[in-house]
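Engineer: model this:
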Amino acid sequence: MATANEILNFNFPHVSLQEAAKNIFQETNIQLLELRINKLLKITEKIGESSFKFENELIDAQVYRKFSTAISNNKYQIINLNGFDKKELKALSKCLDYSEPNNPFTIIASENNVSIALSTLDKDWKDIFLFGLIRCYLKNWESRHNNSLKRIYEFILPKLNQYNGRIAVLKSFQTNIKFFDINNGDVVFGYELAIKNKDIKEVTKHLSLPENWVSYPYFSKVIVAYYEKQKIKLPHLLDNITTALTDHNSSITNKRLVSKLIIQANTNDLAALQDKVKNIAFKLVGDPENITNWLAFENATETEKEELKKARIILNEWITRQFINVFFEKCINDRRRKKFWLKYVSKISSFVVYGSKNVKTLLKSDERIQDIVEARFKTVYSNKGVSAFIIYLADYVLIEFSDEGYAFYAYKVNGSFMPDLHQRQNSVDDLRNGTMPMLATRKYQNIIEHNSEGRLSHKDGSHEDGSSLHWEQVFDWWIKKYTGIDV
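Structural biologist: Numbers count the residues shown, from 1 in each chain. Just a heads-up that it's a prediction; the model follows:
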């Protein structure tokens, strides 16, 4: 009897069917499917990120006022019984740190108020509320509201553990929860990035966070910790660290890290980096001449305070050394004077140069100091080519002039001879006072007369047997005698 296959004329060998099955979908179709799957995944990721974008400030303000009014009137039942609708709950989750100009009230300022807000959210919980809470948590990291932050963290933790969705940001938080421990999570994260040689410039990407969140205080110690682990590679690390600091844009982090960079670079091995670090410090912290720029920030540790002080002194020394080199090369070209004052660099607390616009242009043409001239130069009205280098040493103002015919002057800061440096000078000649006595009178190798204020020439003593004092010796003697500084 004929088989069914024979009757129907079906002839499909198993081997042929198996081979045909492998090619049932064309390669172009497979690639198209993969492309569409990747597109869907990106959409999912984007939707997750968009949840972090809080644009409806109107409803934020309404919820904030509703909550603050209820709190101020002790009417917690308005919050707990009447509740909020879905939009209001979402707004509440992201306005714990919201405030208005005429109302200093913030929910986060009180642990009790935070507990009420979290309890309200918990009654009608949605995973989307995590976005606002996480933003608030990271934005207020290291703030004085430590108890409130702990409360938020304790609330977030179990919610993340229970999360089983696919939103990339929340999955990232869930996986990396150890990095958000309020005690040292930021430091742990920074260390891990460094150990794994991750790019610190993309610090938010490693946690799937929006790029603009890099400015949040959470990332301050992340960046510092990263540096601490990688600092042995400073010459190769510096550019990336600088970019991270610029993006982070925090004066606190700048002070924390720039002070460390200065201290580390203050060695012979890293001398080549000092100019670069100096420019970074000027840009991110400011001129060490302005003490306000270098004051310790709120909640700074004793170590951070000491590092700031030390870094400011070192930076000022670098700048002073450069200015002395340039001034005595370009304005007068006197090697002896340059060598003499370089000895005192570490003792000079401050300096300023006075001169004409042409002198200023001359100094700015030197790349060693061109970024600093503006802050350390005072322009006089006169176009005369003479300039003056004013040095603050102990309780004295010491003035060197660029013209060889001008004597050196020493004024007590609070003395009666002291010129008024608070107003613009007509000429550098206004800084001289020809009625003042000589600082020291010498005879052979002896100082026979001296004064606490006055002037000195840069001429060596002359005696046939060569026993007279050089001007450097006289200057050293006078400085030691009246300022106590001996170098």
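Engineer: Run through the residues that contact the residue nearest to Gly484 when sequence neighbours are not counted.
Structural biologist: Leaving out its chain neighbours, the residue that sits closest to Gly484 by CB to CB, 6 or more residues apart in numbering is Ala394, at 6.9 Å. (C-beta placed from N, C-alpha, C; glycine too.) Counting by CB atoms under 8 Å, 6 or more residues apart in numbering, Ala394 touches 347, 483-485.
Engineer: Counting neighbours, which of those end up buried?
Structural biologist: Burial by neighbour count, judged by 16 or more other CB atoms under 10 Å, picks out 347, 483, 485 from the contacts of Ala394.
Engineer: How is the chain divided into domains?
Structural biologist: 4-50, 57-307, 312-483 (automatic domain parsing).
Engineer: any idea which strand is longest in this structure?
Structural biologist: Assignment by DSSP state E gives strand 348-355 as the longest strand of the chain.
Engineer: quick revisit: any idea which of the domains of the chain has the lowest pLDDT on average?
Structural biologist: Of all the domains of the chain, domain 4-50 carries the lowest average pLDDT, namely a mean of 58.
Engineer: circling back: looking at the buried ones among the contacts of Ala394, which is nearest Trp125?
Structural biologist: Nearest to Trp125 among these, counting by CB to CB, is Lys347 at 65.0 Å.
Engineer: those strands in the protein, which residues are they?
Structural biologist: In the chain, the strands defined using DSSP E lie at 348-355, 377-379, 388-393, 396-401, 408-412, 440-443, 446-450, 454-456.
Engineer: I figured Ser457 hits Trp471, correct?
Structural biologist: Yes. Ser457 is within contact range of Trp471, at 7.0 Å (criterion: CB atoms under 8 Å).
Engineer: of those two, who's got more company?
Structural biologist: Shown here are Ser457 and Trp471; by other CB atoms under 10 Å, Trp471 has more neighbours (18 against 14).
Engineer: What count of nearby residues applies to the closest residue in space to Lys139 that isn't next to it in sequence?
Structural biologist: What sits nearest to Lys139 in space, not counting adjacent residues and going by CB to CB, 6+ apart, is Tyr216, at 5.0 Å. Tyr216: 20 surrounding residues under other CB under 10 Å.
Engineer: Using CSV, please lay out the strands of the chain together with distance to Leu261.
Structural biologist: As requested, those are exported to CSV (distance: least, CB to CB, whole Å):
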stretch, distance to Leu261
strand 348-355, 22
strand 377-379, 26
strand 388-393, 26
strand 396-401, 31
strand 408-412, 36
strand 440-443, 43
strand 446-450, 44
strand 454-456, 40
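Engineer: Lys305 is nearest to which of those?
Structural biologist: strand 348-355 (19.1 Å).
Engineer: buried set for the closest one?
Structural biologist: Under 16+ other CB under 10 Å, the buried positions of strand 348-355 are 348, 350-355.
Engineer: Same check on stretch 254-269?
Structural biologist: Applying 16+ other CB under 10 Å to stretch 254-269 flags 254-262, 264-266 as buried.
Engineer: What is the distance between it and the centre of its chain?
Structural biologist: 12 Å (CA atoms, centre = their mean, to the nearest Å).
Engineer: which parts of stretch 156-166 are buried?
Structural biologist: Under 16+ other CB under 10 Å, the buried positions of stretch 156-166 are 156, 159-160.
Engineer: whoops, stretch 178-194 was the one
Structural biologist: 179-180, 185-194.
Engineer: quick one: which two of the residues you listed are the most distant?
Structural biologist: Phe180 and Ala194 (18.1 Å).
Engineer: residue contacts, Leu362?
Structural biologist: 330-331.
Engineer: Please tell me how far it sits from Ser148.
Structural biologist: From Leu362 across to Ser148, the span is 57 Å (CB to CB, to the nearest Å).
Engineer: Ok, Ala244 next?
Structural biologist: From Ala244 to Ser148 the distance is 28 Å (CB to CB).
Engineer: Then Asn325?
Structural biologist: 53 Å.
Engineer: Could you check which of these two is surrounded by more residues?
Structural biologist: Neighbour comparison, Asn325 and Ser148: the larger count goes to Ser148, with 27 against 17 (by other CB under 10 Å).
Engineer: So the more buried one sits against Thr106, correct?
Structural biologist: No. Assessed by CB under 8 Å, Ser148 is found out of contact with Thr106, at 9.4 Å.
Engineer: okay, and the common contacts of the two?
Structural biologist: Leu96.
Engineer: in the stretch 351-487 of the chain, which spans are helices?
Structural biologist: 357-364, 373-376, 471-483 (DSSP state H, counting those that start in this stretch).
Engineer: Compare these and report which one is nearest to Lys343.
Structural biologist: The nearest among the helices of the stretch 351-487 of the chain, by CB to CB, is helix 471-483 at 8.5 Å.
Engineer: Pull the residues that contact that closest one.
Structural biologist: Contacts to helix 471-483, defined as CB under 8 Å, 6+ apart, come from residues 336, 340, 344, 393-396, 408, 410, 439-440, 442, 447, 450, 452, 456-460, 485-487.
Engineer: same deal with stretch 85-101?
Structural biologist: 54, 56, 59-64, 66-67, 84, 105-108, 114, 117, 120-121, 124, 126, 128-133, 135-136, 139-140, 148, 152.
Engineer: picking that back up, which one of the buried residues of strand 348-355 is nearest Trp294?
Structural biologist: Ser350 (13.0 Å).
Engineer: what are the bridge partners for the closest one, then?
Structural biologist: Tyr392 (DSSP bridges).
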